[in-house]
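> quick one: sequence plus predicted model below, questions after.
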Amino acid sequence: MQNIEKRVDPPLSAKEAALILKMNSRTLVSWARCGQVPAHPLGEGKRRLWRFFESELLEWVKNRENSFPRKPSGSSLKRAIDAHAKEFA
């Protein structure tokens, strides 16, 4: 027998998942169709239903936050601008 992992969180509809992510449900479904967000299609064709798991969505958000470089702080940005200004003054 295979070891099947049991899910603790129930599947969410697009509207429920969108509320968690604070975004429009149509945008979420569009992203699901493109494979940009973890989603599970039910049915075939254009009118398929999409289900989402909260744990997967939260992990996806966490990974996205860590993958984007942070903007420099105001003080380091000001220092860089000042140094550039001095160089060309």
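Cool, the structure landed. None of the values given here were measured: they were computed from a predicted structure.
> so where's this protein shaky on pLDDT?
1-7, 67-77, 84, 86-89 (pLDDT under 70).
> could you pull out the strands for it?
Under the criterion DSSP state E, strands of the chain are mapped to 40-42, 49-51.
> please, where are all the helices along this structure?
14-21, 25-34, 54-67, 74-87 (DSSP state H).
> look up how far Arg79 lies from the closest residue to Asp9 other than its chain neighbours.
Nearest in space to Asp9, with sequence neighbours left out and distances taken as CB to CB, 6 or more residues apart in numbering, is Glu54 at 4.6 Å. In short, each C-beta sits where N, CA and C put it, glycine included. Glu54 is 42 Å from Arg79, where distance means CB to CB, to the nearest Å.
> number of nearby residues for Met23?
13 (other CB atoms under 10 Å).
> one step back: okay, Glu54 and Arg79: which has more neighbours?
Glu54 (17 against 12).
> from memory that one sits against Leu21, does it?
No: Glu54 lies out of contact with Leu21 (CB atoms under 8 Å); the separation is 9.9 Å.
> closest to the centroid, which residue in this structure?
With distances taken as CA atoms, centre = their mean, Val61 lies nearest the centre of the chain, 4.1 Å away.
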